[in-house]
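Asks: When you get a sec, could you give me coordinates for this:
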Amino acid sequence: MNPVKIHVTQDRLKELINYDPDTGVFTHKTQRGKTSSIGEVAGCDKPDGYRYMSVEKHRYVAHRVAWLYYYGYDAPIFIDHINGIKSDNRISNLRLATSKNNNTNVGLKKNNKSGYKGVSYIEKRKKYRAQIFNGGKNYYLGEYHTAIEAHKAYCNKASELFGEFANYGITPEEMEMNDE
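Replies: Here you go, the predicted structure:
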């Protein structure tokens, strides 16, 4: 999602809404017509996973409003949700990111059949293939007897290529539980 300039100041924002940085929840400070009351949660979740809210007749994604509210400036670049949950707008879950960083921090695709990011099953060979894409280049990481082995190879390369923006699609704790 491309950054959209916010057309309101931090001071004005704080006159209109409250933001709890620990929960990421916004509430109205003022009555807004007949549809919302003072203290009511602001915004709504949309099918794309993001939370949206209107501020002075402009619609924004809530994470950009949170950034302005908390830090006092409109982020000039992308804001990434660290845990990958697009509606989790706790300030500790938000960080500045380039477009590339933001795109690397995506979870498991819906059409994935192996259950592990970066892993596909090769029916003909009865093995799991690990691979990762970066900068238009495909890195072949080998074939493995188990999906978990292949996924570990993917995770190692993702850490090397993407650093803190690597998203493994499954946590190390979940991998350990699957190992048992």
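Asks: List the buried residues for stretch 52-71?
Replies: Residues 52-53, 55, 60-69 are the ones in stretch 52-71 that count as buried (16 or more other CB atoms under 10 Å). In short, each C-beta sits where N, CA and C put it, glycine included.
Asks: Where is pLDDT lowest across those residues?
Replies: In terms of pLDDT, the lowest of those is residue 55, showing 90.
Asks: Which residue is the nearest non-sequential neighbour of the most centrally placed residue in the chain?
Replies: What sits nearest the mean C-alpha location of the chain, by CA atoms, centre = their mean, is residue 84, with 3.0 Å. Distances taken as CB to CB, 6 or more residues apart in numbering put residue 107 closest to residue 84, at 4.9 Å, once the chain neighbours are dropped.
Asks: Report how many residues lie close to the one you found.
Replies: Residue 107: 14 surrounding residues under other CB atoms under 10 Å.
Asks: repeat for residue 101
Replies: Using other CB under 10 Å: residue 101 sits among 17 other residues.
Asks: Wait, a helix at it?
Replies: Yes: according to DSSP: H, G, I helix; E, B strand; the rest coil, residue 101 belongs to a helix.
Asks: I'd like the buried residues of stretch 52-71 as TSV, with secondary structure and distance to residue 113 appended.
Replies: Shown next, in TSV, are the buried residues of stretch 52-71 (DSSP: H, G, I helix; E, B strand; the rest coil; distance: CB to CB, whole Å):
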residue	secondary structure	distance to residue 113
52	strand	32
53	strand	37
55	strand	42
60	strand	37
61	strand	31
62	helix	33
63	helix	31
64	helix	35
65	helix	38
66	helix	36
67	helix	37
68	helix	41
69	helix	41
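Asks: Next, format those as a markdown table and append distance to residue 75.
Replies: As requested, the buried residues of stretch 52-71 are exported to a markdown table (distance: CB to CB, whole Å):
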| residue | distance to residue 75 |
| --- | --- |
| 52 | 17 |
| 53 | 16 |
| 55 | 15 |
| 60 | 12 |
| 61 | 11 |
| 62 | 13 |
| 63 | 9 |
| 64 | 6 |
| 65 | 11 |
| 66 | 10 |
| 67 | 5 |
| 68 | 8 |
| 69 | 12 |
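Asks: and which of these is nearest residue 18?
Replies: Ranked by distance to residue 18 (CB to CB), the buried residues of stretch 52-71 are led by residue 69 at 9.0 Å.
Asks: What lies in contact with stretch 141-159?
Replies: Outside stretch 141-159, the residues that touch it by CB atoms under 8 Å, 6 or more residues apart in numbering are 104, 114-119, 121-122, 125, 127-132, 139, 166-168, 170, 172, 175, 178-179.
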